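Asks: sequence plus predicted model, see below.
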Amino acid sequence: MMKGRSRRDRRIRRAGIVSVGKYMPPTVLTNRDLEEIVDTSDDWIVERTGIRERRVARSGERQSDLALKASREALARAGWDAEDLDMIIVATVTPDYIVPSSANTLAGKLGAIGAASSDTLAACSGFLYAMHQGVTAVESGRADRVLVVGSELMTTITNWGDRSTCVLFGDGAGAILLAPVPEPLGVVDMLLGSDGRYEEVLRMRAGGSAFPASHETVDKGWHYLEMEGPEVFKLAVRSMLQVSSTLLERNRIKPSRLGCFIGHQANLRIIEAVTKRLGLKPTQVYNNIERYGNTTSATIPTCMYGAEMEGKIKKGDWVLLVSFGAGLTWAGILLRWAVGRLPRLEEKAGLPSDTAVDTYPDRLKPGRDRQER
Ligand code: UT7
């Protein structure tokens, strides 16, 4: 439940990430597998994007199922109960439904009765927009325990006949818990922005009120993502560089002091262009695009998870999170990592122990019948 504190009771305090969770569906779709679906090649995909494989959720598996598993892991790692949560925010472009929100569904599945819950829609910047909302609630004293999730079933809105987009995306979810932390740890600065003049370069036209679902919209393929890749690429480099430089300069942090840079995982070449211009060493940058592709709002939390689990971020380290996405939207958050190495949880803690299946869901057609593999 959110707190109704009086203005006098509220004072700015530091908010920090106190736990992380992740869930990736176990079924792997490699570039070689994609060669059998569209006219592409492993060489082209690796060279132009850095992606080698991505995960695909099973038929019938919902986005809220992925979010639930990632959230349960974050809660278990922190030793929190779902009933303790004041607020749940889910960033997603692939909600189970438009109404109600994915966060409502997640709250119900978790048993977080009474917690405020809503979705944030800001495409690939969605997770940082949602985190901004959670951090602000904790800083203001309106909330003490906030769950922020980035969760996507991108393979459900991918046109498997369009090689220029279908090789890029994957499914997955990441979750963080926010709570008050002592200074100097926690979130130091945040920056959000957008330029709506670019709405046409990356969009899914149908399914909203402008083009409600109809035979015509389905025939036209308007329920899939459409993208002007090269245009988005240029805008991405420009906006991520601008956000990064602004946050570092206005907080007087030299790039060399960063313990970890995590950028939205859309294309390895975009991240390399940005980090090279910032003067960062490869050891300061954490990526997971090679294994998971672009999981939209899940890229940043799953990278934080990986960096934490692999010991690439330590308590007190400066961390810069930067994203851009459809809209055009962009976002950055500069923080000092607030936790030491989080406990590794055994499967007996009730966490997922799924095994991969060797068949792909029907939605990956056209292409050969995946069930025959
Ligand atoms: O998080 C959402 C934000 N999304 C992004 O940030 C994506 C940003 N854009 C990109 O990452 C890149 O623009 C892409 C990876 C999407 C495309 O790479 P590109 O180097 O910009 O390629 P292109 O679109 O300029 O296409 C170059 C060639 C074309 O062939 P021609 O016309 O030169 O003969 C394409 O038809 O590559 C061809 N092509 C492919 N070939 C093999 C496009 N996609 C493929 C493919 N396999 N999958």
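Replies: Cool, the structure landed.

Asks: which parts of the stretch 251-373 of the chain are strands?
Replies: 258-263, 318-325, 329-336 (DSSP state E, counting those that start in this stretch).

Asks: output the first one as CSV - backbone C-alpha positions only.
Replies: Extracted C-alpha coordinates of strand 258-263, given in CSV (Å, rounded to 0.1, in the frame of the first residue of the first chain):
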residue,chain,number,x,y,z
LEU,A,258,32.4,4.1,-13.9
GLY,A,259,32.4,0.6,-12.5
CYS,A,260,29.8,-0.5,-15.1
PHE,A,261,28.0,0.9,-18.1
ILE,A,262,24.8,-0.8,-19.1
GLY,A,263,23.2,0.3,-22.4
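
Asks: any idea of the angle that strand forms with strand 329-336?
Replies: Interaxial angle, strand 258-263 versus strand 329-336 (axes from the mean of the first three to the mean of the last three Cα atoms, to 10 degrees): 160 degrees.

Asks: I'd like the mean pLDDT over strand 258-263, please.
Replies: Averaging pLDDT along strand 258-263 yields 98.

Asks: so what does that strand touch, helix or strand wise?
Replies: helix 229-250, helix 268-278, helix 299-309, strand 318-325 (3 or more Cβ pairs under 8 Å, 6 or more residues apart in numbering; DSSP states H and E). The C-beta positions use only the backbone N, C-alpha and C, and glycine is treated the same way.

Asks: the second one now?
Replies: For strand 318-325, the elements it packs on are helix 126-140, helix 229-250, strand 258-263, helix 299-309, strand 329-336, judged by 3+ Cβ pairs under 8 Å, 6+ apart.

Asks: could I get those in a markdown table, plus columns for mean neighbour count?
Replies: Shown next, in a markdown table, are these (neighbours: other Cβ atoms under 10 Å):
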| stretch | mean neighbour count |
| --- | --- |
| helix 126-140 | 25 |
| helix 229-250 | 18 |
| strand 258-263 | 23 |
| helix 299-309 | 25 |
| strand 329-336 | 25 |
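
Asks: nearest to Ala107, of these?
Replies: Set against Ala107 and scored by Cβ to Cβ, the helices and strands packed on strand 318-325 come closest in helix 126-140, at 14.2 Å.

Asks: can you classify Val188 as helix, strand or coil?
Replies: Assigned with DSSP: H, G, I helix; E, B strand; the rest coil, Val188 falls in the strand class.

Asks: name the nearest residue to it, ignoring sequence neighbours.
Replies: Distance criterion Cβ to Cβ, 6 or more residues apart in numbering; nearest residue to Val188, sequence neighbours excluded, is Leu334 at 5.0 Å.

Asks: also Gly114?
Replies: Of all residues not flanking Gly114 in the chain, Met1 sits nearest, at 4.8 Å (Cβ to Cβ, 6+ apart).

Asks: who are the contact partners of the closest residue to the ligand within the stretch 151-300 of the chain?
Replies: Closest to the ligand within the stretch 151-300 of the chain is Gly229: 2.9 Å, counting by Cβ to the nearest ligand atom. Neighbouring residues of Gly229 by Cβ atoms under 8 Å, 6 or more residues apart in numbering: Ser164, Thr165.

Asks: the stretch 201-350 of the chain against the ligand: which residues are in contact?
Replies: Along the stretch 201-350 of the chain, the residues adjacent to the ligand under the rule Cβ under 6 Å from any ligand atom are Leu202, Gly229, Pro230, Val232, Phe233, Ala236, Ala266, Asn267, Asn294, Gly325.

Asks: now the residues you listed as CSV including pLDDT and distance to Ser118?
Replies: Shown next, in CSV, are those (pLDDT from 0 to 100; distance: Cβ to Cβ, whole Å):
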residue, pLDDT, distance to Ser118
Leu202, 94, 23
Gly229, 93, 31
Pro230, 94, 35
Val232, 93, 27
Phe233, 95, 32
Ala236, 96, 27
Ala266, 97, 25
Asn267, 98, 30
Asn294, 98, 24
Gly325, 95, 19
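
Asks: identify, from the residues you listed, the entry nearest to Lys220.
Replies: Leu202 (17.3 Å).

Asks: OK, contacts around the nearest residue in space to that closest one that is not next to it in sequence?
Replies: Closest residue to Leu202 apart from its sequence neighbours, by Cβ to Cβ, 6+ apart: Ala326 at 4.0 Å. Listed by Cβ under 8 Å, 6+ apart, the contact partners of Ala326 are Val93, Ala123, Cys124, Glu199, Val201, Leu202, Arg203.

Asks: surely Asp81 and Arg72 touch.
Replies: No: in this structure, Asp81 is not within contact of Arg72 by Cβ atoms under 8 Å, at 11.0 Å.

Asks: so for those two, which sits in the more crowded spot?
Replies: In terms of neighbours (other Cβ atoms under 10 Å), Arg72 is the more surrounded of Asp81 and Arg72; the figures are 21 against 13.

Asks: secondary structure element for the more buried one?
Replies: Per DSSP states H and E: Arg72 is located in helix 63-78.

Asks: other SSEs contacting that helix?
Replies: strand 15-23, helix 102-110, strand 146-153, strand 171-180.

Asks: in CSV: the ones you listed, plus mean pLDDT and mean neighbour count.
Replies: Formatted as CSV, the helices and strands packed on helix 63-78 follow (pLDDT from 0 to 100; neighbours: other Cβ atoms under 10 Å):
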stretch, mean pLDDT, mean neighbour count
strand 15-23, 97, 25
helix 102-110, 98, 23
strand 146-153, 98, 31
strand 171-180, 98, 28
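
Asks: show me the shaky parts of this structure.
Replies: 4-11, 342-358, 365-373 (pLDDT under 70).

Asks: wait, what's in contact with the residue positioned nearest the centre of the chain?
Replies: By Cα atoms, centre = their mean, the chain has its centre lying nearest to Ala298, at 2.0 Å. Ala298 sits next to Phe127, Gly150, Ser151, Glu152, Gly172, Ala173, Gly174 when contact means Cβ under 8 Å, 6+ apart.
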